[in-house]
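Visitor: Here is my input; please provide its structure:
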Amino acid sequence: MKAWILVFLAGAACAQDMSPVPASDISVYGGHGFWSRFARNYLPAPVTGTSFANSNRLDQLMRAGNVYLSLQDAVALALENNLDIEYHRYDRREADTDVLRASGGRLLQFQSSGIRSGFSSASSGVLAGSAGLGSAGSGSGSGQSGILSGFTITAAGSGIPNIDPVAFVSWQATHQTRVLTTNLNVGTNYLVSTAHNINYGVQKGFWTGATVTMDMSQQSLFQNSPANQYNPSLSGNLELNITQPLLQGFGLAVNRRNVSIAQNNLKVADLNFKEQVMATVKNVIDLYWDLVTLRNNLRTKQQSLDLAQKLHEDNRKRMAAGAIAPIDIIQAEAGVQTARLDLRQAQNQLLQQELIVKSALTRSGVDSVAIMDAHVIPTDSIVVPETEVIQPIQDMVAEALSNRPEPQETRLNMANSRLQLKGVKNELLPNLSVFVDLQNTGFSGAINTLPIPTTPDGEPLFARVPTDPFFLGNWGGVFAQVLSRNFPTYTAGFNFSVALHNTTARADMVKNQLDYRRLEIDAKQQENAIRLNVVNARISLEQARAAFETAAKARLLTVQTFDGTQKKYLAGKATFTEVEVGQRDVVTAEAAEISALNSYIKARTNLDMVLGRILEANRVDLGEAYQGKVSRPPGPIPELDPNGGAGRLKQVP
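Guide: Model prediction:
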């Protein structure tokens, strides 16, 4: 009793240990011997871990503490290192497990996770105007996330047979004692039976719904009964049972529906991965152009500071000559400090954006000191074409519906729902099955040598019947009789049952049809959302281009106005306040042009995303994306600036 208490306490202590299992404790089977082909089906299969080391491309792009990054290299680094893409590389592998489960007649269990949107850029006033245009094509979010993305989990419908063959064996030993009121029948007042029973066989289901079971049962029995002719006795029975449903659960299409659904889910997994690659590529492109915009903004702030300092120095000279009042010097000094503060803010925003870009393009983030300290120098600039290629809106909508993965996922999920409907519809039928049971029996034993009890007069209590030599023997005789079918038993029949109200099946049928109608509504909403996204994206691009052209003209006019004000100030025909206001207008106009340029490039990227051609436009190969290795070599690194290195941040004095 104490031992059982100790075992119970040990089990309770193990149950309370809820600490996670370290990765090193996850064992995998790595045998390669002769028995490995048999053992591998029953031992854990090796699953390679995820590498968190960055690709070599990043080192090839680094020089003198700077990462010189083109847009194509940024996209390539994302395909190789981005963890959102790495996360969704497991989708197909997990969908493969459902195919394996379905091939064995099991239900599906995997469901994919949603698309990850990626990183947000550093907050900055110069980027504030681009947010609305950049997301105009996505509508409420349904256009890019996919209303019906994901996998179908199958549960309803008629049962599916277990296709995997199952071998079984059971054994038991029994020792039984029965006290009897008379010894006339068995020759003893207490009957002791010692038996050994073994049963073994194999069972397999088939796609037609049939189940076949073949098993062999054997028994060896010894009793202390003198009345037995054979003691010990051996018996065996070989049975073959075949059961085939004819209504509910019948048919290849009904029973293989999970296989078809799992195969469709493989395609959904590929589309889901493509959708994640598209989202990541768009996110990286937006981050890259925001980085370019912030560097342009920093250059503008630096020019503003240089101009303010020059104006301050000129005013000191003019004050020394008595041409201006001392208040102008104070105002000029205030302008220098304001420009210096703006420059510091622009530097901080740029540094934040560099950290965000490095986090999006690496697996370890800024864990490496070399990566954390490195500046990201974009080598591409935003180019505005002379004219925009205008397509008819109906052609753009058709292209979006054809290219984007979400409608294809929707169609596959609707096909899965129709496949599931077959099983639910089949469940409405009554249960009717036919069966055939074939049995062959064998028996052998030894002559009973127990003495026959006698009466008080010395006479035998009963006469033992002579044994038949045919049944004398061992297990060889039993098997010979079974295989020769000396004692066969044949049974055939049918089973029929019907649910009088069939409420569960009728409810499942109605629910499945309602779910499918909802899918139709969702599909139509998705199509409408894509159409709206295309229209919005096209309008946003047109508006962004017009805004940029207006901002560029406004900046040019503001600069010309400021040049004229400076000349008037030098000639004594304008006040310093007018010069300061003109300078402030130039800075504002330049910031507006930079923001409008950023809005334009984001609107163009968003249009590519909405039309589903963002991967093609950026030369992304899905095969390389899935492998995490881009064959395209890194772009050339520009020559270093002899004055401290190209792209180095100039510190504010």
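
Visitor: And this protein, split by domain according to the record?
Guide: The record, using automatic domain parsing to delimit domains, assigns the chain the ranges 166-205+210-248+431-497, 264-418+507-627.

Visitor: To residue 78, which of those domains lies closest?
Guide: domain 264-418+507-627 (4.5 Å; C-beta to C-beta). For every residue, glycine as well, the C-beta is placed using N, CA and C.

Visitor: Determine how far the last residue of that closest one lies from the first.
Guide: 22 Å (C-alpha to C-alpha, to the nearest Å).

Visitor: ok now it, how far from the chain's centre?
Guide: With C-alpha atoms, centre = their mean, to the nearest Å as the basis, domain 264-418+507-627 stands 30 Å off its chain's centre.

Visitor: tell me the mean pLDDT for it?
Guide: Domain 264-418+507-627 shows a mean pLDDT of 89.

Visitor: ok so, going back, could you export the domains of the chain as TSV, including distance to residue 120 and mean neighbour count?
Guide: TSV is the format used below for those (distance: least, C-beta to C-beta, whole Å; neighbours: other C-beta atoms under 10 Å):
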stretch	distance to residue 120	mean neighbour count
domain 166-205+210-248+431-497	53	15
domain 264-418+507-627	8	18
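
Visitor: Compare those and give me the one nearest residue 635.
Guide: Residue 635 lies closest, by C-beta to C-beta, to one member of the domains of the chain: domain 264-418+507-627, at 6.8 Å.

Visitor: quick one, what contacts the residue nearest in space to the middle of the chain?
Guide: Ranked by distance to the mean C-alpha position of the chain (C-alpha atoms, centre = their mean), the top residue is residue 91 at 3.8 Å. Listed by C-beta atoms under 8 Å, 6 or more residues apart in numbering, the contact set of residue 91 reads 112, 269, 272-273.

Visitor: can you redo those residues as CSV with distance to residue 365?
Guide: Supplementary listing: those in CSV, determined by distance: C-beta to C-beta, whole Å:
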residue, distance to residue 365
112, 25
269, 27
272, 25
273, 23
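
Visitor: Could you tell me which residues within stretch 70-87 count as buried?
Guide: By neighbour count on 16 or more other C-beta atoms under 10 Å, the buried set for stretch 70-87 is 70-86.

Visitor: The residue of the chain most remote from its centre in helix, strand or coil?
Guide: Of all residues in the chain, the one whose C-alpha sits farthest from the chain's mean C-alpha position, using C-alpha atoms, centre = their mean, is residue 457 at 89.5 Å. Secondary structure of residue 457, reduced to three states by DSSP: H, G, I helix; E, B strand; the rest coil: coil.

Visitor: Now do the phi/psi pair for it.
Guide: Geometry field for residue 457 lists phi and psi as phi -90, psi 0, criterion degrees, to the nearest 10.

Visitor: hang on, the earlier thing: the residue nearest to the centre of the chain sits in which helix or strand?
Guide: Under the assignment given by DSSP states H and E, the secondary-structure element containing residue 91 is helix 90-103.

Visitor: cool, and residue 244?
Guide: Element membership for residue 244 (DSSP H and E) is strand 230-245.

Visitor: cool, residue 445 as well?
Guide: For residue 445, the element it lies in under DSSP H and E is strand 431-447.

Visitor: Mind giving me the packing neighbours of the following helix or strand past that strand?
Guide: Under the assignment DSSP H and E, the closest C-terminal helix or strand after strand 431-447 is helix 475-484. When contacts are defined as 3 or more C-beta pairs under 8 Å, 6 or more residues apart in numbering; DSSP states H and E, helix 475-484 sits against strand 211-223, strand 230-245, strand 431-447.

Visitor: average model confidence for helix 475-484?
Guide: With pLDDT averaged residue by residue, helix 475-484 scores 94.

Visitor: returning to what we had before: now tabulate the domains of the chain in TSV and tack on distance to residue 638.
Guide: Output for those, formatted as TSV (distance: least, C-beta to C-beta, whole Å):
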stretch	distance to residue 638
domain 166-205+210-248+431-497	67
domain 264-418+507-627	6
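
Visitor: Relative to residue 101, tell me which of those domains wins on proximity.
Guide: Evaluated with C-beta to C-beta, the domains of the chain place domain 264-418+507-627 nearest to residue 101, the distance being 11.1 Å.

Visitor: Quick check: residue 378 touching residue 67?
Guide: No - with contact defined as C-beta atoms under 8 Å, residue 378 and residue 67 do not form a contacting pair (9.6 Å).

Visitor: Residue 611 is in contact with residue 402, isn't it?
Guide: No - with contacts counted by C-beta under 8 Å, residue 611 stays clear of residue 402, the gap being 9.5 Å.

Visitor: Which members of the contacts of residue 91 are positioned in strands?
Guide: Among the contacts of residue 91, none falls in strands (DSSP state E).

Visitor: Looking at those, spot the one nearest residue 427.
Guide: Using C-beta to C-beta, residue 112 comes nearest to residue 427 of the contacts of residue 91, at 27.2 Å.

Visitor: how about residue 285, what does it touch?
Guide: Counting by C-beta under 8 Å, 6+ apart, residue 285 touches 71, 74-75, 605, 614, 618.

Visitor: can you list the residues you listed in a markdown table and add distance to residue 61 and secondary structure?
Guide: As requested, these are arranged in a markdown table below (distance: C-beta to C-beta, whole Å; DSSP: H, G, I helix; E, B strand; the rest coil):
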| residue | distance to residue 61 | secondary structure |
| --- | --- | --- |
| 71 | 13 | helix |
| 74 | 10 | helix |
| 75 | 13 | helix |
| 605 | 22 | helix |
| 614 | 23 | helix |
| 618 | 17 | coil |
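
Visitor: Show me the one of the helices and strands packed on helix 475-484 that comes nearest residue 595.
Guide: Short answer: strand 230-245, nearest of the helices and strands packed on helix 475-484 by C-beta to C-beta, at 69.5 Å.

Visitor: tell me what the closest one is packed against?
Guide: So strand 230-245, by 3+ C-beta pairs under 8 Å, 6+ apart, packs with strand 211-223, strand 431-447, helix 475-484.

Visitor: Now it - C-alpha only, PDB.
Guide: Taking C-alpha atoms only, strand 230-245 is exported to PDB below (Å, rounded to 0.1, in the frame of the first residue of the first chain):
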ATOM      1  CA  TYR A 230      -9.400 -33.700 -23.500                       C
ATOM      2  CA  ASN A 231      -7.400 -32.100 -20.900                       C
ATOM      3  CA  PRO A 232      -5.600 -29.700 -21.600                       C
ATOM      4  CA  SER A 233      -7.600 -28.600 -24.600                       C
ATOM      5  CA  LEU A 234      -6.700 -26.200 -27.400                       C
ATOM      6  CA  SER A 235      -9.100 -24.300 -29.600                       C
ATOM      7  CA  GLY A 236      -8.800 -21.700 -32.300                       C
ATOM      8  CA  ASN A 237     -11.100 -19.600 -34.500                       C
ATOM      9  CA  LEU A 238     -10.200 -17.700 -37.600                       C
ATOM     10  CA  GLU A 239     -12.800 -15.000 -38.500                       C
ATOM     11  CA  LEU A 240     -13.200 -12.700 -41.500                       C
ATOM     12  CA  ASN A 241     -15.800 -10.000 -41.300                       C
ATOM     13  CA  ILE A 242     -16.600  -7.600 -44.100                       C
ATOM     14  CA  THR A 243     -19.100  -4.700 -43.600                       C
ATOM     15  CA  GLN A 244     -20.100  -2.400 -46.400                       C
ATOM     16  CA  PRO A 245     -22.500   0.600 -45.900                       C
END
